[in-house]
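>>> Requesting a structural model of the entry that follows:
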Amino acid sequence: MGRGRAKAKQTKVARDLKYRNFDTDFASLERELRGDSEPEEIVEIPDPYADLAQRYEVVPEDE
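This is a model prediction of the structure:
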């Protein structure tokens with residue numbers, strides 16, 4: 001007993017996935033599957049958190 005709600009939710013999700021229009025970026029998907037990585041963006045850290053970022057910065061082992 002009690003399976004009705006779960007089944008209704010699964011049906012709703014399945015129907016939503018089936019009929020939704022997706023704009024898939026296949027080039028991005030291909031890069032992700034290949035493991036190609038884009039250059040990391042340098043993120044500027046706000047001043048109040050700069051000391052914490054410097055304190056907990058992870059340094060790669062090869063450096």
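>>> Which of the helices or strands spans the most centrally placed residue in the chain?
Note on the chain: the residue nearest the mean C-alpha position is E32, at 11.3 Å, using C-alpha atoms, centre = their mean. For E32, the host element (DSSP states H and E) is helix 26-34.
>>> Now do that helix: distance to the chain's middle.
Between the centre of helix 26-34 and the centre of its host chain there is 14 Å, according to C-alpha atoms, centre = their mean, to the nearest Å.
>>> Could you report the separation of the residue nearest to the centre of the chain from R20?
Distance of E32 to R20, given as C-beta to C-beta, to the nearest Å: 21 Å. The way it works is simple: take the backbone N, C-alpha and C, and place the C-beta from them, glycine included.
>>> Distance-wise, check the residue nearest to the centre of the chain relative to L17.
20 Å.
>>> Same question for Y49.
39 Å.
>>> ok, now L29?
17 Å.
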